[in-house]
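Participant: fold the following and give me the result.
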Amino acid sequence: MARDKALKIWVDSITHARVGLSAEEAGTTLSEYVRELIVRDAAEGGRADALAGEVLEMQYLNAMLLRSLLGKALGDAEASKLMERARTKAHEQAQATLTEIRQRKPGT
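Facilitator: This next block holds a predicted model:
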């Protein structure tokens, strides 16, 4: 009979907070929650990893298409300015959202 094995993992603080909140919402410990995620992912053949790659690829595709369309409609210089402003605003919004997530108390 196979014996259970312990895993030691390291994640960034944002991931730890998110997974911790998910575990609490599920009414389980963090270790049990992560174990279930790993077991489910293994049973599905690693689909979570493939999905993350597909999402990233789609984000790049959308960015490239948008840049191409803006370049054709407004010219390359103006499109570059717009893309840079959008990138800055997206970064600011992402940071604000992450700060909000970090500050949330469990159960709120």
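
Participant: use CA for all of it now, contacts and neighbours both
Facilitator: Will do.

Participant: pull out the buried residues from stretch 7-19.
Facilitator: 17, 19 (16 or more other Cα atoms under 10 Å).

Participant: report the separation between the two terminal residues of it.
Facilitator: Taking Cα to Cα, to the nearest Å as the measure, stretch 7-19 stretches 16 Å from start to finish.

Participant: contacts for that stretch?
Facilitator: By Cα atoms under 8 Å, 6 or more residues apart in numbering, the surrounding residues in contact with stretch 7-19 are 30, 34, 98, 101, 102.

Participant: that one - what's its average pLDDT?
Facilitator: Taken as a whole, stretch 7-19 has an average pLDDT of 88.

Participant: quick revisit: farthest pair within the contacts of stretch 7-19?
Facilitator: Across the contacts of stretch 7-19, no pair lies farther apart than 34 and 98, at 21.1 Å, counting by Cα to Cα.

Participant: so for the two, which residue has more residues nearby?
Facilitator: Remark: of residue 34 and residue 98, residue 34 carries more neighbours, 16 against 12, as counted by other Cα atoms under 10 Å.

Participant: list the buried residues for whichever strand or helix holds that one?
Facilitator: With the criterion set as DSSP states H and E, the secondary-structure element containing residue 34 is helix 30-43. Judged by neighbour count (16+ other Cα under 10 Å), helix 30-43 contains these buried residues: 30, 33, 34.

Participant: show the backbone phi and psi for residue 28.
Facilitator: Summarising the backbone geometry of residue 28 under the convention degrees, to the nearest 10, its torsions are phi -140, psi 170.

Participant: now swap in residue 9 and tell me
Facilitator: Dihedral pair for residue 9: phi -120, psi 150, per degrees, to the nearest 10.

Participant: next one: it relative to residue 71, how far apart?
Facilitator: Residue 9 is 44 Å from residue 71, where distance means Cα to Cα.
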